[in-house]
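[1] Please find the sequence and the predicted model below.
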Amino acid sequence: MTQEVVNPSEEFRYGSELQGRGYMTRMDTYVGLSIWVLASTAVIIGLLNLYLIKKLNIFHNSFGALWVSRTIGEIASNLPNIFYAGPVTIFQPKDIDPAVGIVAWTVAFFFGFESCIMIQSVSANRMIAVCAPQHYYHIFSKRLTAILITVTWIVAAFVISLYYLVPCSVLGYSPQYHEYLFIKCAPDTDRKYSLFGTIGNIGCFAMCSCALVMDITTLVKIIQIKVTNKAMARESSFRRNVRFFAQTAFQNITMIGTLIFQVLANNSKESGRQDYFILAYDTLILTQLNNGLALILFNPEVHEFLGVNIWCLRKKRISAIPCTMTAVRTVAKIDN
């Protein structure tokens, strides 16, 4: 590895990576606004998800509980984007206390990592519901679901603590690079990336890849049932499981693309690719927004409750035609 040449005349300043440049550029404005708008929209959609899950009996089950936990994580992880990352990216202030950028990353990562783990649990939930429905209520009982959610939050807290326990691994938000960056902890530090951060990025990618494998397994089983068991395929419970599967697969595909950019950027300004930073950061927020939209798009019970008609999803299949949502005065009659 090529070592960084340290200029002895240059004074080392901890957290210099987290400072703004002191003046605004057009790109800063565009990126900052995109962060703020996407994060605000994701939070609003997330809050709507929580409201829908509370009001609709169809979500009063293990799947709904897992989705609530995931949604809370995504809402909280976007709050630093609304109140810190978006504004400082636009205005590029200097002399920012590094602790502020570090706290923003800590909050975003803790809650974001919890939602990432919970996505795997949701995929497993759907796989069991479709592939082994006779065991579903035993595996995902109310008690075991509560334990799973509790353990997930504990694991997320443990993982974030490792960034502080492993020397020189902490990250923080950089207004100039529009991403969470590794903070150099000493002037003679040769490493330009967070060691544990690299492991964390690859670990998240591996987890989402496992979720995608579970989604593929579920899809194969769905196709098999539709071909070999027409009676079961017509049951409302099976159709509901298919819709729930569709929304989990939708979020996992977008998450995989996001994590590819995360791994390439590796939270290091030495990657030399600012486009990776922008794509990694914005696509992560966009993925979380898509996660919330999935609950709305793929469930006719939600359409009926909200009084909206999503015409391309009215059929008992998922259409590839672009959707347009039109508010109606009366509750639309939508096939279950």
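    Sure thing, it's come through. Numbers count the residues shown, from 1 in each chain.
[2] What count of nearby residues applies to F305?
    16 (other Cβ atoms under 10 Å). Where you see a C-beta, it was placed from the backbone N, CA and C, and this is true even at glycine.
[3] nope, F158 is what I meant
    A total of 10 residues lie near F158 under the criterion other Cβ under 10 Å.
[4] Could you pull up the contacting residues of the residue minimising distance to the centre of the chain?
    Centroid check for the chain by Cα atoms, centre = their mean gives Q288 as the closest residue, at 4.2 Å. Contact analysis of Q288 by Cβ atoms under 8 Å, 6 or more residues apart in numbering lists 42, 46, 74, 77-78, 112, 115.
[5] So which of those residues belong to strands?
    Of the contacts of Q288, none are assigned to strands by DSSP state E.
[6] Could you provide those residues in JSON lines, with additional columns for pLDDT, distance to E235 and neighbour count?
    Shown next, in JSON lines, are the contacts of Q288 (pLDDT from 0 to 100; distance: Cβ to Cβ, whole Å; neighbours: other Cβ atoms under 10 Å):
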{"residue": "A42", "pLDDT": "96", "distance to E235": "34", "neighbour count": "26"}
{"residue": "G46", "pLDDT": "97", "distance to E235": "31", "neighbour count": "25"}
{"residue": "E74", "pLDDT": "95", "distance to E235": "32", "neighbour count": "28"}
{"residue": "S77", "pLDDT": "97", "distance to E235": "37", "neighbour count": "26"}
{"residue": "N78", "pLDDT": "97", "distance to E235": "37", "neighbour count": "28"}
{"residue": "G112", "pLDDT": "91", "distance to E235": "37", "neighbour count": "21"}
{"residue": "S115", "pLDDT": "91", "distance to E235": "31", "neighbour count": "26"}
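[7] coming back round to it: sticking with the residue nearest to the centre of the chain, tell me its helix or strand.
    Using DSSP states H and E, Q288 sits in helix 274-297.
[8] ok, back up a step: for the residue nearest to the centre of the chain, give its distance to I45.
    9 Å (Cβ to Cβ, to the nearest Å).
[9] cool, Y276 as well?
    26 Å.
[10] same thing with L286?
    Taken as Cβ to Cβ, the span from L286 to I45 is 11 Å.
[11] how about low-confidence regions in the stretch 151-300 of the chain?
    The model of the stretch 151-300 of the chain has pLDDT under 70 over residues 232-233, 236-237, 240-241, 243-244, 247-248, 250-251, 265-273.
[12] So which residues of the stretch 101-250 of the chain form strands?
    171-174, 179-182 (DSSP state E, counting those that start in this stretch).
[13] Buried residues, the first one. List them.
    Residues of strand 171-174 classed as buried: 171-174 (neighbour count, 16 or more other Cβ atoms under 10 Å).
[14] Which one of these is nearest to C204?
    When the buried residues of strand 171-174 are ranked by distance to C204 (Cβ to Cβ), L171 comes first, at 13.9 Å.
[15] just to revisit the earlier point, any chance of a markdown table for the contacts of Q288, columns distance to L144?
    Below are the contacts of Q288 laid out as a markdown table (distance: Cβ to Cβ, whole Å):
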| residue | distance to L144 |
| --- | --- |
| A42 | 29 |
| G46 | 25 |
| E74 | 23 |
| S77 | 26 |
| N78 | 29 |
| G112 | 25 |
| S115 | 20 |
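[16] Nearest to L66 among those?
    Nearest to L66 among these, counting by Cβ to Cβ, is S115 at 10.6 Å.
[17] The closest residue to that closest one other than its chain neighbours: how many residues sit nearby?
    Spatially, and ignoring its direct neighbours in sequence, S115 is nearest to G73 (3.3 Å; Cβ to Cβ, 6 or more residues apart in numbering). Neighbour count of G73, defined by other Cβ under 10 Å: 25.
[18] now do K94
    K94 has 10 nearby residues by other Cβ under 10 Å.
[19] That one and C168, how far apart?
    K94 is 24 Å from C168, by Cβ to Cβ.
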